[in-house]
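>>> Below: sequence and its predicted model.
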Amino acid sequence: MKKFDTEYKLLNEMYQDGYFPDFLIDKVKSLIQDIISFLETGERNLEKIQNKFDKMTEAINKLQEEFEENDSELETGARESICETIEYIIKWFDIDITVEDATSRREW
């Protein structure tokens, strides 16, 4: 079972941008870390993996209102940072899913 790259900073661009509250980025990061933990088990079933990405994406969708309540939003910068992080994870674990498919349920 392959462990994730401990040197990679998840959502680095969002953390660097003061527009996004850190406590909300932490919530997104936690959802992404759940995916990483799942993939570290060695799971290779693409249907199960896609289902996990769908659940993660739907949970991120639900954070939109909380971002707005804190004078922020899941907009282009957030989308790019999240998708870049997801793409890195997919490549790291050599999963045959595109970032577009992994986040196909996104509303951001």
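Now that the structure is in, tell me what you want to look at. Residues are numbered from 1 along each chain as shown.

>>> Now for the residue most central in space within the chain, which secondary structure element holds it?
With distances taken as Cα atoms, centre = their mean, the residue of the chain nearest its centroid is Ile32 (4.3 Å). For Ile32, the host element (DSSP states H and E) is helix 22-40.

>>> list the helices and strands that helix packs on?
helix 12-16, helix 46-61, helix 64-69, helix 76-92 (3 or more Cβ pairs under 8 Å, 6 or more residues apart in numbering; DSSP states H and E). Using the backbone N, CA and C atoms, a C-beta is placed for each residue, glycine as well.

>>> which residues of the chain score low on pLDDT?
Across the chain, nothing is flagged by pLDDT under 70.

>>> wait, Tyr19 sits on Leu74?
No: if you go by Cβ atoms under 8 Å, Tyr19 and Leu74 don't touch, sitting 10.9 Å apart.

>>> neighbour count winner among those two?
Leu74 (23 against 12; other Cβ atoms under 10 Å).

>>> From Ser104, how far off is the more buried one?
Distance of Leu74 to Ser104, given as Cβ to Cβ, to the nearest Å: 16 Å.

>>> any idea how far Ile36 is from Ile90?
Distance of Ile90 to Ile36, computed by Cβ to Cβ: 11 Å.

>>> again, but for Thr85
10 Å.

>>> what helix or strand does Glu107 sit in?
Short version, using DSSP H and E: Glu107 is in no helix or strand.

>>> for it, what are its contacts?
Taking Cβ atoms under 8 Å, 6 or more residues apart in numbering, we find Glu107 in contact with Asn61, Gln64.
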